[in-house]
Every structure is written in structure tokens, then in C-alpha cells.
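> I would like the atomic coordinates for the input below:
(2 chains)
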Amino acid sequence: MASILNDPFWDTYAGQGAIILAQILAVLVPLLLAVAYLTYAERKVIGAMQLRKGPNVVGWFGLLQPIADAAKLLFKETILPAGANRVIFVAAPMVTFVLAMIGWAVIPFGEGLVVSDLNVGILYLFAISSLGVYGVIMSGWASNSKYPFLGALRSAAQMVSYEVSMGFVIITVLICVGSLNLTDIVMAQKTVWFCVPLLPMFVIFFISTLAETNRSPFDLPEGESEIVAGFFLEYSSMTFALFFLGEYASMLLMGAMTSILFLGGWLPPLDIAPFNWIPGPVWLFGKIAACMFVFLWVRATFPRYRYDQLMRLGWKVFLPFSLLWVVLTAGFLFAFDLVPNR
Amino acid sequence: MILQALAFYLFAFVAVASGVMVIASRNPVHSVLFLILAFFNGAGLFVLMGAEFLAMILVLVYVGAVAVLFLFVVMMLDINYVEMRKGFLQYLPVGGLIGLILLVELTFVAGAWVAAPAAVASIPIAPPEQVHNTRALGNVIYTDYIYLFQAAGLVLLVAMVGAIVLTLRQREGVRRQSIARQIGRKRGDSIELKDVPRGSGV
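So this is what the prediction gives:
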């Protein structure tokens, strides 16, 4: 075993490439499985909340339902509308899917368990999540149809608005950590998770992630009762499936971001015996799963926001409050001489 | 090293090519999308130079916010492409002349560029290896030149206030939602229970 690991092949370009490829697969394959079973979990959880059974026919307890759905989507016909701008129409779902995947490159699953340990990891994540709007705008415009276009316009305004408050929340965490590196952010929460001292920021961040991923109650871009299905109205088969996968993968990414910024990433709640027996990646998975459960719970509970209320919440409530909290946190750290890395 | 050189030529080539496509493509939405591609490759070049903070800020600010609004506006434009191309030959001599003059001027400036000796002397020494560029930038902006930075912020604030003043208008007869009034409403304000005797109205 050791002789294989010490082989000089691993230092060549081909060897390095093979290692990187293996790392990427090790992240993406479980991710796609998680996405498939997140759709199953969504239908089961919302079914239970509405006193229904949810999927229960395909396989035991309906466990094979996601696979049946995937097969159905694969074998359907891809329809290109006559008036559509073909290149952009096909590129839009790919953009959505790729953006949802590449964010995972910087997520640390444990100490050192990360594909790329960037110094500016949190900025990278924030930049990738702010690009998600392009898939929506491109699809809405390229469909050359009125409902997708309306959906795209709504989504553009919504995602740009909520990014601002998300940025301030991230700044609050950063001035408590003193580093943009995601591993450093997790290690700074060894004593106490940031959701305790920064509870209001945690709530604002969570609601902003709902808006950023176009989930209910902020799912105006796809509001089915007003604009049919919004931006992906004209999509079918695999192009639709790519949107679907991309959207759920970015939900998981947002869950991972929330866990890392506020819930201590891979760290156990207390560093004592029964907790620290469980390995770090399991803790991170559990925290992401908890965030996803709240996502589904919110969807089953709240009605959709009206458009002007959505804008009011983003600009007139979250933005001033998070700005105030940045100033308060900075002032507190400065006054008690707690600023990291002085 | 060879991989870095290859990456540099790839990013540089795509950046220049998409820059050309911005002005060459017929459809304005395609132009904006090519502009975004050019920004991306610019970010890639920054990463190659080791300025990862600038690269991320470029993607975050220009691609994630400015270009979105740009695309938003361009998508709404109703342009007749045939009409737009009509005067092309007519304007070509004047436009070409201006372009040529600009090119010549730029060449002169670039050729005669000499940095003042005082400026060369005042360039701070490169930060040591362990200080990464995020912190180096933070020191320059927020510690060394804090007043200039704040002044730049004030200029932007004035511009923003100006834009709002120019576009704000009060319309008559618009019913706005007042959340405070909605929440402040009591049961007694809106519901009144009356005992109506049988056989007579309220």
C-alpha cells in the first residue's frame, strides 16, 4: 500500500490530475445522491405535515422514487421552442447546474478535508451564489415567452436585493473571525458557535438564503399561481432536470454555508466524550440536514410573499438592521479589545 | 510553470476575443453575455497573478451585481437591428478617424511614459510572504489612506442621493401599505357587535 502511495507517478501532471479528479468525484457523487434524496425527503416531509403519505409505491417506503423520476426525465423529449434563442436556451440550465456544483470546491468537510483550501473561500462562495441569477435571467430571456420573462425579471431584482444583507451578515462573521478562510471560520467556533452570540444575524442569513435560492415563501420567480412556472416554463426533459438538480444542489450549498458560518461546521456541539466520537463529516451532514428540514418546514407553513412586501423586507428591514449589527459588533469587539489578529 | 503559462494564454485569448465579440455581435444581450465572459477571464488573470482577493471582488461586484442590472436593462430594450445597422457606412469615416486619433494618442502616451523618480521611490516594498494580499489591501485602504477612502465614499453617496432626487416623484392617489397601521389596529376599531331585535333592521 505504502509503495503505491510513494510512487513518483503522483508528482507528475497526470498523477496530480488523477488525484484532483478523484477528489472532485468524492464530493460530487455523494452530492448528487443527496440531491436525489432531498427531493424524496421534501415530498415525504411535506406529505407528513399535510397528513398524507408522500411517495410510497416505488421500492420500500418509496425509496426508489427519485431514481424512477430521474429515468423518466432522461427518456422524455427535449423540446426547443420555435422562437427561442437556441444557444442561450440550452446554456442556461447548464450554467445553473455548474454554478451549484463548483461552490462545493471550497466547503471543508473536516479539518483538511477540502478540495481547495482558498484564502478567500467565503468570498468565493458568496460570488458563486450571486452568479446563480444568471441561469434564471438567461433562461427567461431565451425562452422568448412572457411568463418566463416575468419570472426572470422578478428573480433578478430579488436575488440582487437579498445579496446585500447577506453580505453584511458575512462581514459580521468575518470581523469575529479575522480571516476569509472557511477552515479558519470553523476553527474560530471551537468554544461557542456563532449562532449564539450572533443570533439575529443567523436568522437574517437563513431567511436571505431562502430568498437567494428562490424557495418559498420567496418563490416569486416560479410562482405557479401567477406566472405558471416562471423561468423554466418552456423547459422539458433533461434541461428541466438540470434546473431542478441545480436548484436543490444550491439549497444544499446554502445549508452548508449556514452550517459553516453559524453552526460550527464539522465541530461537535461540545468537545466531550460521546460527541467527539462521531467523525466531523457526519456532524456537517447532520447540520445541513437540519437546515434542509427547516427549508421544507417553511415551505409547508408560509404563504408566498407579495412582491412589494418582499422588497420591503429586504431593503427596509434586513439591510438597516444588519448594517446596525455590523457597527455594534465592530464597536463591541473594539471596546473590549477582542478584535482578532491585531 | 508551463501549466501557468498555458492558463495565462487561454484566459488572455478568451478575454480579448470576448471583448471583440462585445462590439461585434448583433444582439445586445449577446454583447452583455460576452462582456461577462470577459470579466470572468479578467478574474482568472488576477488569480494567476496571485491577487485572489481582487479576482473575487471582480466577480462579486461586476459580474454578480453590475452586469445583472446591465443585462436587466438591455433585455428590456426594443431595438430594430436592421434600422440600427443602416447608418453604419455613413458614420464609418468619422468614427474611424476618432478611433485612429485615440489609438495614436495612446501609443504616444504609452511610449513616453516615465514614472517620476519620487513615485518610484515611494512604492512600498512588497509585503512579506506570510501577509496575504487581502490583509495587505486592508492595511492600505483602511489604515494608510482611510481619509481618501472615506472621501471617495462620500462622493459616491452624493451621486446616489442625486440619482434618487432626480427620479423620485410623488404620485397622487396611490394607496400604500402601512404595516405599522395594520398591526396597530385593534379589534374594537373594525368590529362592532350589535344585538338586533327580531323583526327590525340595524
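> so B:Met160, which state does it fall into?
Taking DSSP: H, G, I helix; E, B strand; the rest coil as the rule, one finds B:Met160 in the helix state.
> cool, and the one 4 residues further on?
Secondary structure, three-state DSSP: B:Ile164 is helix.
> contact residues of the stretch 1-150 of chain A facing chain B?
Residues of the stretch 1-150 of chain A found near chain B (C-beta under 8 Å from any C-beta of the partner chain) are A:13, A:85, A:88, A:118-120, A:123-124, A:126-127, A:130-131, A:133-134, A:137-138, A:141, A:149. C-beta: built from backbone N, CA, C; applies to glycine.
> name only those of the residues you listed that count as buried.
Buried members of these, counted by 16 or more other C-beta atoms under 10 Å in any protein chain shown: A:85, A:88, A:118-120, A:123-124, A:126-127, A:130-131, A:133-134, A:137-138, A:141, A:149.
> find the centremost residue of chain B, please.
Computing the C-alpha centroid of chain B and ranking residues by C-alpha atoms, centre = their mean puts B:Val66 first, at 3.0 Å.
> all helices for chain B, in order.
Ranges of helices in chain B, per DSSP state H, are B:2-24, B:28-48, B:52-57, B:67-76, B:81-86, B:88-111, B:117-122, B:133-138, B:146-167, B:179-184, B:187-190.
> make a markdown table from those helices and add mean neighbour count and mean pLDDT to it.
A markdown table is the format used below for these (neighbours: other C-beta atoms under 10 Å in any protein chain shown; pLDDT from 0 to 100):
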| stretch | mean neighbour count | mean pLDDT |
| --- | --- | --- |
| helix B:2-24 | 13 | 88 |
| helix B:28-48 | 19 | 89 |
| helix B:52-57 | 22 | 87 |
| helix B:67-76 | 17 | 83 |
| helix B:81-86 | 9 | 67 |
| helix B:88-111 | 10 | 87 |
| helix B:117-122 | 8 | 65 |
| helix B:133-138 | 16 | 79 |
| helix B:146-167 | 10 | 93 |
| helix B:179-184 | 8 | 86 |
| helix B:187-190 | 7 | 84 |
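> wait, A:Val45 sits on A:Ala300?
Yes: using C-beta atoms under 8 Å, A:Val45 is in contact with A:Ala300, at 7.3 Å.
> ok, the closest residue in space to B:Ile23 that isn't next to it in sequence - contacts?
Distance criterion C-beta to C-beta, 6 or more residues apart in numbering or on different chains; nearest residue to B:Ile23, sequence neighbours excluded, is B:Ser31 at 7.3 Å. B:Ser31 sits next to B:Met21, B:Val22, B:Ile23, B:Ser25, B:Val74 when contact means C-beta atoms under 8 Å, 6 or more residues apart in numbering or on different chains.
> who are the contact partners of the nearest residue to B:Asn41 once chain neighbours are set aside?
Spatially, and ignoring its direct neighbours in sequence, B:Asn41 is nearest to B:Ala15 (3.7 Å; C-beta to C-beta, 6+ apart). Under the criterion of C-beta under 8 Å, 6+ apart, the neighbours of B:Ala15 are B:Ala38, B:Asn41, B:Gly42, B:Leu45.
> tell me which parts of chain B are close to chain A?
Residues of chain B that fall close to chain A, judged by C-beta under 8 Å from any C-beta: B:3, B:27, B:29-30, B:33, B:36, B:52-53, B:56-57, B:59-60, B:63-65, B:68-69, B:71-72, B:75, B:132, B:134, B:177, B:179.
> okay, now the nearest residue in space to A:Asn56 that is not next to it in sequence: neighbour count?
If the residues on either side of it in the chain are set aside, A:Asn56 comes closest to A:Gly62, at 4.4 Å by C-beta to C-beta, 6+ apart. Residues near A:Gly62, counting by other C-beta atoms under 10 Å in any protein chain shown, number 18.
> for B:Lys186, same thing?
Neighbours of B:Lys186 (other C-beta under 10 Å): 7.
> before we move on, what about A:Trp277?
Number of residues near A:Trp277 (other C-beta under 10 Å) recorded here: 8.
> what about it, distance to chain B?
Distance of A:Trp277 to chain B, given as C-beta to the nearest C-beta, to the nearest Å: 36 Å.
> for that residue, report the pLDDT, please.
Note on A:Trp277: pLDDT of 79.
> need phi/psi at it.
Main-chain torsions, A:Trp277, degrees, to the nearest 10: phi -80, psi -30.
> coming back round to it: kindly reformat the helices of chain B as CSV containing distance to A:Leu338.
Listed next are these as CSV, based on distance: least, C-beta to C-beta, whole Å:
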stretch, distance to A:Leu338
helix B:2-24, 41
helix B:28-48, 33
helix B:52-57, 24
helix B:67-76, 37
helix B:81-86, 60
helix B:88-111, 50
helix B:117-122, 35
helix B:133-138, 18
helix B:146-167, 22
helix B:179-184, 37
helix B:187-190, 48
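> so for the helix or strand harbouring A:Thr172, what gets flagged as buried?
Assessed by DSSP states H and E, A:Thr172 sits inside helix A:146-177. Residues A:147-174, A:176-177 are the ones in helix A:146-177 that count as buried (16+ other C-beta under 10 Å).
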